[in-house]
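Participant: Take this sequence and fold it.
(2 chains)
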Amino acid sequence: MNIKNEIKIHILDAVKNLQNEGVFSHFEIPEFEVERPLEGAFGDYSANIALKLSKVLNLNPRDIAGKLKDEISRSDNGKIFSKADVAGPGFLNLYLSDDFVSGKISEAKKEGENFGSSDIGKGKKILIEFISANPTGDLHLGHGRGAFFGDALANVLSFSGFLVTKEFYVNDSKKSTQILELGKTALGKGESYKTEKLLEKIKMLEGELSEAKDEADAGSVLARELLRDMQGLVKNKLKIDFDSWFSEQKELYETGKVDEIYDFLKKKGLIFEKEGAEWLKLSEYGDSEDRVIVRSDEKKSPTYLLPDIAYHKNKIERGFDKLINIWGADHQGHVKSMQAVMNFFCEKNKLEVFITQMVALKDEGERFKLSKRTGKIVTMEWLVDEVGIDSARFFYLLKSIDTQMEFDLALAKEQSEKNPIFYVQYAHARIASILRKAEEEGYDLDGAGYELSGKEEERKLALEILKFPEVIENIAELANMQTLPHYTLELARKFHSFYASCRVLGNENKNIDISRIALIKSAKQTLKNALSLIGVSAPEKM
RNA sequence: GCCCUCGUAGUUCAAUGGAUAGAACGUGACUUUGCGGAAGUUAAAAUCGAGGUUCAAUUCCUCGCGAGGGCACCA
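Facilitator: As a prediction, this is how the structure comes out:
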């Protein structure tokens, strides 16, 4: 359990004790927060419990905090807290004892690569679907957001005890407009998606394409090859391993699931005819309007919505407790429809949709927008070749998906201290270097536990390390991924600052050396764990 | 016109309703007979506007202004 939760429990116990002693009346304890306040000023942790209780008890919050302070000091007796204070409007500020901090660092060191993990997911099954780009086009800068966010979120969730499946939905239906257009181009009857690369592919597949029965068939053949390229790109360049590539054509059309879902909806009386097309009654379920699911053309072909409904029903049937979809901003209008659809076969809140905002590129002060429309598409392949995968992932994840981000190409390319990812990796490499030296000098790296020495910078580093499990739990709950790279920066900063004022090796008192080795070892491990969740390497040397 | 997201230092971004709004880049001033100076210390510098809810608002609500995206029988 992380320290924040541990403290919360202590406070709850204190409240209950006071209730049992009759100091407080019996009431249901409201939600309250334990947080890390501004550094240095208000304790190591701070709780707003008294402010919350003042309403229930109709008492002055400072008085309540005072009683809690006394009760906590009494029951804890210095084990966890060295001091408790009442401050401001009624905050309860708590200071951790050095022994407690030291013990926690020793534990963290023992946990090693599992430090930060938890079982809060309790084995719940989550399907996380992301990228799901059409194979007809290249992955562009916008896709990178969903790609890295999805992958990192999946990492954090599985680290937190969820059973996560990463899935890419492949839009390869022979009935889709894209595949038909692709087929036309393949057979020399159209211009869509025509690029040098595509023409090469067409040439390569000449034999197979000449045997194609129709445009749909030809498009399908070509799409298969394009998908193969995309899979290679995703795996090798973006370093993302999907557990599943879900084919719309094979899994939904060829298995009859699209027809099944049509019957299912029909039977429920959710389909009606209008203007020669068939519509789904979604406006009654939260969508802004009804939607066409079968076109009025002579083939009576379905729109994207019908297979998509079949797809989501299938996800539920595969036994997932929760579905996460990550879509680009251009799909934002689709969220309401899909949420409405969920009403037909499960609780609506089983589906969570994250929308990633757009990306602009800044290079040498010039800012250009990227969109399909302007024709100026910057591909992910180009970007990763340009700045490297570590830098790309780190830069993307540094920013909340809700903001339209600007990718600073020059800074991301910078192989120096200006670049934040190098700052973090440098900290890791620097620790590795000290540990190498320690080993050469004959220190036993796995030896002793840890004990705080009394230096301020050292304590700050220790507390920062111990924050890691709290950061992870927070992300697992709120998906605020940007806090993780920010955390690595802060941890690196705390290490560098510690390094500047505290010697690790060569102290007169050898016990300090040994103890600090334990501390930087767990700092290193924590950096490594955090970076690996982000998907960035932690180099031993640079 | 309707819907979604965003508006924070010069710039790019942080900040589960909390007490002194954090970083990085840029700008200014410092630090080295020791473990990696790709470092450390330090200064100046910001919540778009108007109301509201709250003990407490950058955060929630309403309106306005501004940026981006979406409003298909494309996906």
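
Participant: what number of residues lie near A:G144?
Facilitator: Taking other Cβ atoms under 10 Å as the criterion, the count of residues near A:G144 is 24. (C-beta placed from N, C-alpha, C; glycine too.)

Participant: meant to ask about A:I105, not that
Facilitator: 25.

Participant: pLDDT value on it, please?
Facilitator: Reading off the per-residue confidence, A:I105 sits at a pLDDT of 96.

Participant: ditto for A:K203
Facilitator: The confidence metric pLDDT takes the value 95 at A:K203.

Participant: just A:R373 next, same as before
Facilitator: A:R373 is given a pLDDT of 39.

Participant: Hmm, A:E225 and A:D172 touching each other?
Facilitator: No: under the criterion of Cβ atoms under 8 Å, A:D172 is not in contact with A:E225, lying 11.3 Å apart.

Participant: the more surrounded of those two?
Facilitator: A:D172 (25 against 16).

Participant: Which helix or strand contains the more buried one?
Facilitator: A:D172 is located outside every helix and strand, with elements delineated by DSSP states H and E.

Participant: And what about the residue nearest to it when sequence neighbours are not counted, helix, strand or coil?
Facilitator: Excluding its sequence neighbours, the residue lying closest to A:D172 (Cβ to Cβ, 6 or more residues apart in numbering) is A:Q249, at 4.6 Å. When the structure is split into helix, strand and coil by DSSP: H, G, I helix; E, B strand; the rest coil, A:Q249 lands in helix.

Participant: so what's A:Q249 up against?
Facilitator: A:Q249 sits next to A:170, A:172-174, A:220 when contact means Cβ atoms under 8 Å, 6 or more residues apart in numbering.

Participant: Mind splitting chain A into its structural domains?
Facilitator: Using automatic domain parsing, the domain parsing of chain A gives A:3-96, A:130-255+A:357-407, A:417-534.

Participant: export those domains to JSON lines and tack on distance to RNA strand B?
Facilitator: Written out in JSON lines, the entries for the domains of chain A read as follows (distance: least, Cβ to the nearest atom of the strand, whole Å):
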{"stretch": "domain A:3-96", "distance to RNA strand B": "2"}
{"stretch": "domain A:130-255+A:357-407", "distance to RNA strand B": "3"}
{"stretch": "domain A:417-534", "distance to RNA strand B": "3"}
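
Participant: What pLDDT is listed against A:I377?
Facilitator: Looking at A:I377, its pLDDT is 76.

Participant: ditto for A:F368
Facilitator: For A:F368, the pLDDT comes out at 59.

Participant: same check, this time on A:E28
Facilitator: A:E28 carries a pLDDT score of 89 in this model.

Participant: Likewise for A:E39?
Facilitator: Here the pLDDT value assigned to A:E39 is 82.

Participant: And it, how close does it get to A:L519?
Facilitator: A:E39 sits at a distance of 19 Å from A:L519 (criterion: Cβ to Cβ, to the nearest Å).

Participant: just A:I355 next, same as before
Facilitator: 41 Å.

Participant: which one of the two has more residues nearby?
Facilitator: For the pair A:I355 and A:L519, the greater number of neighbours falls to A:L519 (27 against 18), based on other Cβ under 10 Å.

Participant: Report whether the expected contact of the more buried one with A:L461 is present.
Facilitator: Yes: between A:L519 and A:L461 there is a contact under Cβ under 8 Å: 6.7 Å.

Participant: Any chance of CSV for the contacts of A:Q249, columns pLDDT and distance to A:I421?
Facilitator: Below are the contacts of A:Q249 laid out as CSV (pLDDT from 0 to 100; distance: Cβ to Cβ, whole Å):
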residue, pLDDT, distance to A:I421
A:V170, 96, 32
A:D172, 94, 36
A:S173, 95, 40
A:K174, 94, 43
A:S220, 95, 41
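
Participant: Compare those residues and tell me which is most surrounded.
Facilitator: Compared across these, A:S173 has the highest neighbour count, 27 neighbours, by other Cβ under 10 Å.

Participant: got a list of what the spatially most central residue of chain A touches?
Facilitator: Within chain A, the residue whose C-alpha comes closest to the C-alpha centroid is A:L153; the distance, by Cα atoms, centre = their mean, is 2.5 Å. Shown here is A:L153, whose contacts under the criterion Cβ under 8 Å, 6+ apart are A:128, A:324, A:326, A:475, A:479, A:481.

Participant: Output the residues you listed in CSV; the columns should cover pLDDT.
Facilitator: Rendered in CSV, the data for the contacts of A:L153 read as follows (pLDDT from 0 to 100):
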residue, pLDDT
A:I128, 98
A:I324, 97
A:I326, 97
A:I475, 97
A:A479, 97
A:M481, 98
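
Participant: Mind checking which of the residues you listed land in helices?
Facilitator: If you go by DSSP state H, these have A:I475 in helices.

Participant: Any of the contacts of A:L153 buried? List them.
Facilitator: By the neighbour-count criterion of 16 or more other Cβ atoms under 10 Å, the contacts of A:L153 include these buried positions: A:128, A:324, A:326, A:475, A:479, A:481.
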